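> The amino acid sequence is not available; the structure is as follows:
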């Protein structure tokens, strides 16, 4: 169990009631970035809002999976919860549109896990950050499959739970709104995992616990991993890869990239928190635009970039 911590960047006295990682959970829950997750889309299955899934839905779903696995493996549930709740604080509006929008301006691809670390270290609390424990920040930074491996088993649990939540959540919602039908799923999904999405979650969590109990690595068994791979392919091609979804993502990316251009050209229009600091101007602009909810981004786009109707007729 990861009961000990390497500490915080700024030393603090111990809380009289809560564990170190419980303090981090409460700080994340009270943060501005966490409060905005409910108004940021994670998946939009169809134009017009049908099948909308918010970031908070995905965050809490992944947290539930991670805590279930962590408890069964007798790991530190508070550390697991802190990582799981903080992992998407740096995600932009309009689902995956931010990855495309911000990547147009930077040498390295935009990674929301890296942005999440910026949020907890440099942006929250008017630039003071949340002063989270090292293990929580490491888990947030490494929670995506493209990142290096986490330093703790709790971080590994969140990393795998995030993937499971993304795939199962997307397919569950697609089935609910009729984007796909059960016959579209791999036959092994139902034969190995069961007939319903709740069965899939139970089976995958059980498999992770059994496969990881006597090994240092948090993992799925080979059969379960193959099923999840196949389900992920279906989600990518039949759900998030549909023309309507891609068109919505392109519109979202256009909105976000246009706002970046506007604020780079007009840095004085940035909120005061983002006008100053040691980071390059482009980074501060991206920090601000990333913080916006879907609705905030659309309102700013309409206010700043669309022509206003003239009161005079020609």
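Nice, thanks for sending it over. Remember, it's a predicted structure, so these values are computed and weren't measured experimentally.

> and stretch 133-153, average pLDDT?
What stretch 133-153 shows for mean pLDDT is 95.

> same thing with stretch 54-66?
On average, stretch 54-66 scores 97.

> for that stretch, the distance to its chain's centre please.
9 Å (CA atoms, centre = their mean, to the nearest Å).

> and if you look at stretch 164-183?
From the chain centre to the centre of stretch 164-183 is a distance of 18 Å (CA atoms, centre = their mean).

> neighbouring contacts of it?
For stretch 164-183, the surrounding residues in contact (CB atoms under 8 Å, 6 or more residues apart in numbering) are 43, 45-46, 50-51, 53, 57-58, 61-62, 65, 185, 190, 195, 197, 200-201, 204-205, 228, 231-232, 234-235, 238-240, 242. C-beta coordinates here come from the backbone N, C-alpha and C atoms, glycine included.

> Kindly report the same for stretch 75-86.
By CB under 8 Å, 6+ apart, stretch 75-86 touches 1-3, 19, 21-22, 24-25, 28-29, 34, 59, 62-63, 66-67, 70-71, 116, 120, 132-133, 135-136, 139-140, 143, 152-155, 157-158, 161-162.

> Please pick the buried ones from the residues you listed.
When the contacts of stretch 75-86 are checked for burial by 16 or more other CB atoms under 10 Å, the buried set is 2, 19, 21-22, 24-25, 28, 34, 59, 62-63, 66-67, 70, 116, 120, 132-133, 135-136, 139-140, 143, 152-155, 157-158, 161-162.

> picking up where we left off before, give me the subset of the contacts of stretch 75-86 lying in helices.
Members of the contacts of stretch 75-86 lying in helices (criterion: DSSP state H): 21-22, 24-25, 28-29, 34, 59, 62-63, 66-67, 70-71, 116, 135-136, 139-140, 153-155, 157-158, 161-162.

> sorry, back to before: what subset of the contacts of stretch 164-183 is buried?
Buried by 16+ other CB under 10 Å: 43, 45-46, 51, 53, 57-58, 61-62, 65, 185, 197, 200-201, 204-205, 228, 231-232, 234-235, 238-240, 242, out of the contacts of stretch 164-183.

> give me the element the residue positioned nearest the centre of the chain is part of.
The centroid of the chain falls nearest to residue 88 when counting by CA atoms, centre = their mean (3.1 Å). Using DSSP states H and E, residue 88 sits in no helix or strand.

> so it makes contact with residue 112?
Yes: counting by CB atoms under 8 Å, residue 88 touches residue 112, with 6.6 Å between them.

> Show me what the helix or strand where residue 259 lies is packed against.
Per DSSP H and E, residue 259 falls inside helix 243-265. Judged by 3 or more CB pairs under 8 Å, 6 or more residues apart in numbering; DSSP states H and E, helix 243-265 is in contact with helix 97-103, helix 281-291, helix 294-305.
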